[in-house]
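Colleague: 3D model of this:
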Amino acid sequence: MQHLELTKYSREELVAAFDTTLPMLGILEYANYANMEACQELWYYNALVPACELVGTEFTESFGRRFGDCFVWINHEAHPIAGKLKRSSIGAGKTMFDMGVPFEDIDKWMNWGLPERPWHKIGWRPLGLVPADSPIDLGPEIADEQNAEQPAAASQQSEPASRASAVEEVVKNAIWNRWKVSWAPLERRFAGRMKRFFFEQRRGILERLDRAAGGESKAQGPEPKALSEANIISILFDVLEEKGRLRAIVEPLYRQAITFGAHQAIAEVSSPAPFTQTDPAVLRIMRRKWPKLAGVTDEIAAAVRDQLTEGIQANETIAELAQRVREYYKPFSGDRAMRIARTETASCVSSGRFEGMKKAGVERKSWLSRRIATGPGRVREAHLAADRQYTANPIPITDAFIVGGERLMHPGDPAGSAGNIINCACCLLAETSERAVVEYYAAVKFLTVEEWMKKELEASHAGNR
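Modeller: Take a look at the predicted model:
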């Protein structure tokens, strides 16, 4: 009986290690109808989707090094479980629609892939809803004599202007949301790679810390040997080696995001201008971006060195030193990794959009700020000011935006300071001769990462025939 119990625990540990569940392997010991669907969803999100993305990325990079431009995309959405999950998301979609979210945005957010309709770009809401801080309309009756004596001319004059401003803000919000969703898969992929990089870096430090304390020969005695500050050099990673490893990880992601941004901008203005990952502009952008990201490795090495030095001087145990390392790396498995991914991906996409606009012959450009007004991702006031100034008055494509006192050619320009570009997800827009910028982009359907990769794959197949 004890052997069976141990076997059961080993089995469950193996299943957990491979991000699946027992019922998905046909082990129905604790399965029922209620939890089978949950098990299928967990397997789809935790095992199938990451595996498809990982295999697709690895093949893309491997074939890309050998054959040049090449993209491998595994369509996990064709799985029956994905279809069932889409159908179950209809209720959430209806709730969003009732809140006034345009159906086009809901379709992209839920990834339904439904056919486009002209009215999908409009947000609908019940006629009876008004903002909570708005005065209630009392109709033709006068609430009191004092209100009857107040002149209404000023309010009647300002109402159309304020209403027009509110409508434009809603349109800008819809434009920014559509653009942000279009490259979200690149951001998630970048974040996943960064989390993995930092995890492996932390694991290496902990392993070297254990070895420095005599972890490989613990049988000689129960107490690990004490560490001195001289041991820190052997515990830390080699900075140059880590920079090389980080560069090998991010360069393919840089190339992909820059090329996608260029293709997206070119498609928006209906230009046939070509752009590939081997374009000289891609290498030029990467050379400008890499030094800032490489500095993260120096920052981590210095911080871990300080943590270990402080712990050794306080006569902390090996376990306490290891806990210091784990605590320091905690943000790198979440917020810090996501912030790096968002900053780098948005900057690369915007850099690509800028190069694509130049290739397509765009003459004037404008700046659209991100629209999150509160919380940790709140908008910089300087970026909102740039939005208000440049969407109304676009500037020549070769001129620089003045944002917070700095000259930026586009959002996320590596020439900007950290305070101006970190976590920036503002959008570079092109002016066309057809309509005003906001009016034009209200009808634009942004090219998405999935659509772009599919086109690249089809072009690659056509070129190999």
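Colleague: from here on, contacts and neighbour counts on C-alpha atoms
Modeller: Will do.
Colleague: roughly how far apart are Asn315 and Lys121?
Modeller: For Asn315, the distance to Lys121 (C-alpha to C-alpha, to the nearest Å) stands at 64 Å.
Colleague: Which one of those two is surrounded by more residues?
Modeller: Each of Asn315 and Lys121 has its neighbours counted (other C-alpha atoms under 10 Å); Lys121 has more, 20 against 14.
Colleague: Who are the contact partners of Glu242?
Modeller: Thr297 (C-alpha atoms under 8 Å, 6 or more residues apart in numbering).
Colleague: what about stretch 260-273, distance to the chain center?
Modeller: Here stretch 260-273 is found 21 Å from its chain centre; the criterion is C-alpha atoms, centre = their mean, to the nearest Å.
Colleague: Run through who's touching that stretch.
Modeller: Contacts of stretch 260-273 (C-alpha under 8 Å, 6+ apart): 275, 348-357, 359-360, 430, 432, 444-449, 452.
Colleague: Quick check: longest helix in the protein by residues?
Modeller: helix 280-313 (DSSP state H).
Colleague: show me where this structure has strands.
Modeller: 364-368, 395-396, 401-403, 406-408, 427-431 (DSSP state E).
Colleague: what pairs with the third one, and is each one parallel or antiparallel?
Modeller: Just to be clear, that refers to strand 401-403. strand 406-408 (antiparallel) (DSSP bridges).
Colleague: for the partner strand, which positions count as buried?
Modeller: Leu408 (16 or more other C-alpha atoms under 10 Å).
Colleague: any idea of the mean pLDDT in it?
Modeller: For strand 406-408, the mean per-residue pLDDT is 95.
Colleague: Ok, stretch 436-454 next?
Modeller: 90.
Colleague: So what touches it?
Modeller: The contact list for stretch 436-454 (C-alpha under 8 Å, 6+ apart) reads 71, 73, 121, 168, 171-172, 174-175, 178-179, 181-183, 185-186, 260, 263-264, 267-268, 366, 391-392, 429-432, 434.
Colleague: Now that stretch - C-alpha only, CSV.
Modeller: Only the C-alpha atoms of stretch 436-454 are listed here, as CSV (Å, rounded to 0.1, in the frame of the first residue of the first chain):
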residue,chain,number,x,y,z
ALA,A,436,-7.8,64.5,-40.6
VAL,A,437,-5.6,62.1,-38.6
VAL,A,438,-8.2,61.0,-36.0
GLU,A,439,-11.0,60.8,-38.6
TYR,A,440,-8.8,58.7,-40.9
TYR,A,441,-7.6,56.2,-38.2
ALA,A,442,-11.1,55.8,-36.8
ALA,A,443,-11.8,53.7,-39.9
VAL,A,444,-8.4,52.0,-40.1
LYS,A,445,-8.1,48.3,-39.4
PHE,A,446,-4.7,47.8,-37.9
LEU,A,447,-2.7,44.9,-39.2
THR,A,448,-2.3,42.3,-36.3
VAL,A,449,0.6,40.1,-35.6
GLU,A,450,-1.4,37.0,-36.5
GLU,A,451,-2.4,38.4,-39.9
TRP,A,452,1.2,39.6,-40.6
MET,A,453,2.7,36.2,-39.7
LYS,A,454,0.1,34.4,-41.8
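Colleague: So which bits of it are buried?
Modeller: In stretch 436-454, counting by 16+ other C-alpha under 10 Å, buried: 437-438, 440-442, 444-449, 452-453.
Colleague: And stretch 356-368, by the same measure?
Modeller: For stretch 356-368, by 16+ other C-alpha under 10 Å, it's Gly356, Met357, Lys358, Lys359, Ala360, Val362, Glu363, Arg364, Lys365, Ser366, Trp367, Leu368.
Colleague: Can you say which two of these are spatially most distant?
Modeller: Lys359 and Leu368 (20.8 Å; C-alpha to C-alpha).
Colleague: Can you tell me how far His399 is from Arg435?
Modeller: Let me fix one detail, which is that residue 399 is Asp and not His. 21 Å.
Colleague: More neighbours: these two, which one.
Modeller: Higher neighbour count among Asp399 and Arg435: Asp399, with 13 against 10, using other C-alpha under 10 Å.
Colleague: Find the nearest non-adjacent residue to the more buried one, please.
Modeller: Met409 (6.9 Å; C-alpha to C-alpha, 6 or more residues apart in numbering).
Colleague: residues in contact with that neighbour?
Modeller: If you count contacts by C-alpha under 8 Å, 6+ apart, Met409 has them with Thr398, Asp399, Ala400, Phe401.
Colleague: What subset of those residues is buried?
Modeller: Phe401.
Colleague: Which one of the contacts of Met409 is nearest to Pro50?
Modeller: Nearest to Pro50, judged by C-alpha to C-alpha, of the contacts of Met409 is Phe401 at 39.0 Å.
Colleague: The closest residue to Val304 other than its chain neighbours and Ala51, how far apart?
Modeller: Sequence neighbours aside, Val325 is the residue nearest to Val304 in space, at 6.8 Å (criterion: C-alpha to C-alpha, 6+ apart). Val325 sits 29 Å away from Ala51, going by C-alpha to C-alpha.
Colleague: same check, this time on Met194
Modeller: Met194 is 17 Å from Ala51, by C-alpha to C-alpha.
Colleague: and if you look at Trp179?
Modeller: Trp179 sits 26 Å away from Ala51 when distances are taken as C-alpha to C-alpha.
Colleague: likewise Val171?
Modeller: According to C-alpha to C-alpha, Val171 and Ala51 sit 37 Å apart.
Colleague: Compare these two (neighbour count), which wins?
Modeller: Each of Val171 and Ala51 has its neighbours counted (other C-alpha under 10 Å); Val171 has more, 20 against 15.
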